[in-house]
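Novice: For reference, the sequence and a predicted model appear below.
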Amino acid sequence: MILLADLGATNARFSVTEDCNTFRFDATYPIDNFHSIESLCLAYFEDQNLDKVERAIIGVAAPIIGDSVSFVNTDMRFSIEQLKKNLFPKGLFVLNDLALQAHAIIDLNSNALSYIGEGKISEGPKILVSPGTGLGLAGIVGQEVIATEAGHINIPVKNLGSDLTIMITRFIEENRRSPTYEDFLSGKGIIYFHSVLAGYQDPNLTSEEILSDRKDKYCRSTIDLLNNLLASYLRYVTLVWGSYGGVLLSGSIIESLLLEEDYEEFRRVFEDSETMGNFMKKIPLAILRIPDIGFTGGLHIAKTYMK
């Protein structure tokens with residue numbers, strides 16, 4: 001039996017697989033309710049009456065460099081070797097959480113895609129981008145997945161339009177640092193944009209409430225600005241990666257932020273390059289809809305590396 005764990009910045013999701021093709025006993029826990037990754041795993045095992053789970057595939061919202069892992073948006077940290085010794089002596093595979101999800105793309109089912117514009121996902125290099133509590137990006141080249149921290153790139157002030165420039169200027173004044181794309185293209189960014197646009201009149205609105213109310217002028221302006229920024233970010237990272245195989249978007253924020261009525265303008269901004277416009281027009285762009293994408297990616301890893 002192999003544990004499949006997708007540990008984001010807000011929630012920890014667990015399941016197990018025995019055949020590397022299906023998973024069961026899935027459960028979700030708030031990350032902040034636990035002091036360590038071991039206590040999270042043990043709580044799940046106890047709740048599901050599981051024992052003899054001595055192998056694990058764990059995706060974490062953190063860069064994986066060496067043995068020590070520190071989450072980006074929470075205080076949790078752990079040693080890979082110590083976790084393996086204490087809980088998973090027969091095998092432990094730790095990777096970035098979006099890299100875990102990107103493994104689901106290697107054997108991609110075309111039915112899981114909703115295209116924005118022309119073109120179809122191909123065999124070339126691809127990127128997966130997922131705004132959530134933070135902003136994740138992973139590259140897929142052939143059978144290899146490459147984790148990144150591209151959400152932490154600073155946003156350039158030039159050529160973003162007056163409203164976005166105002167947002168950036170206000171952020172710098174309030175935080176005394178330049179914003180990253182993750183600061184804005186995330187749950188906290190949705191709330192920040194709306195707060196500034198509404199003059200801080202509705203401080204208790206959640207990101208879900210803002211994205212669901214397209215009739216309110218401040219909510220609508222928030223959605224339009226975020227889609228504009230996201231499309232320009234995707235253009236930027238597409239050119240950096242040379243991801244002519246396609247650009248894939250995932251996550252619950254995307255489902256509410258980017259609707260079919262937004263596709264035409266989104267595609268226009270995505271393709272808007274004075275020097276590489278013809279290249280950008282050829283890039284497939286799609287929303288990826290795979291339920292339990294982290295577990296699906298985990299199954300691919302289990303079949304490939306741990307079966």
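Specialist: All right, it came through fine.

Novice: What ranges does the protein have for its helices?
Specialist: With helices called from DSSP state H, the chain shows them at 37-47, 80-86, 97-102, 162-175, 181-184, 187-197, 207-212, 217-241, 252-257, 263-271, 277-281, 293-301.

Novice: Turn those helices into JSON lines, including mean pLDDT, mean neighbour count and distance to Arg13.
Specialist: Using the backbone N, CA and C atoms, a C-beta is placed for each residue, glycine as well. Below are those laid out as JSON lines (pLDDT from 0 to 100; neighbours: other CB atoms under 10 Å; distance: least, CB to CB, whole Å):
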{"stretch": "helix 37-47", "mean pLDDT": "96", "mean neighbour count": "17", "distance to Arg13": "10"}
{"stretch": "helix 80-86", "mean pLDDT": "97", "mean neighbour count": "15", "distance to Arg13": "17"}
{"stretch": "helix 97-102", "mean pLDDT": "96", "mean neighbour count": "29", "distance to Arg13": "10"}
{"stretch": "helix 162-175", "mean pLDDT": "88", "mean neighbour count": "14", "distance to Arg13": "31"}
{"stretch": "helix 181-184", "mean pLDDT": "96", "mean neighbour count": "24", "distance to Arg13": "21"}
{"stretch": "helix 187-197", "mean pLDDT": "94", "mean neighbour count": "21", "distance to Arg13": "17"}
{"stretch": "helix 207-212", "mean pLDDT": "96", "mean neighbour count": "18", "distance to Arg13": "19"}
{"stretch": "helix 217-241", "mean pLDDT": "96", "mean neighbour count": "20", "distance to Arg13": "24"}
{"stretch": "helix 252-257", "mean pLDDT": "93", "mean neighbour count": "18", "distance to Arg13": "13"}
{"stretch": "helix 263-271", "mean pLDDT": "97", "mean neighbour count": "17", "distance to Arg13": "29"}
{"stretch": "helix 277-281", "mean pLDDT": "96", "mean neighbour count": "13", "distance to Arg13": "35"}
{"stretch": "helix 293-301", "mean pLDDT": "96", "mean neighbour count": "25", "distance to Arg13": "6"}
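
Novice: So which of the ones you listed is nearest Gly8?
Specialist: Nearest to Gly8 among the helices of the chain is helix 97-102 (5.7 Å), distances taken as CB to CB.

Novice: so what secondary structure elements neighbour that closest one?
Specialist: Packing partners of helix 97-102 (3 or more CB pairs under 8 Å, 6 or more residues apart in numbering; DSSP states H and E): strand 2-7, strand 55-60, strand 126-131, strand 135-141, strand 144-147, helix 293-301.

Novice: ok, 6 Å please
Specialist: Helix 97-102 sits against strand 55-60, strand 135-141, strand 144-147, helix 293-301, with contacts defined as 3 or more CB pairs under 6 Å, 6 or more residues apart in numbering; DSSP states H and E.

Novice: can I get the ones you listed in TSV with distance to Pro89?
Specialist: Output for the helices and strands packed on helix 97-102, formatted as TSV (distance: least, CB to CB, whole Å):
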stretch	distance to Pro89
strand 55-60	9
strand 135-141	29
strand 144-147	25
helix 293-301	18
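
Novice: residues touching the residue nearest the centre of the chain, list them.
Specialist: In the chain, the centroid-proximal residue (CA atoms, centre = their mean) is Ser130; its distance is 2.9 Å. By CB atoms under 6 Å, 6 or more residues apart in numbering, the contact set of Ser130 is 98, 136, 250-251.
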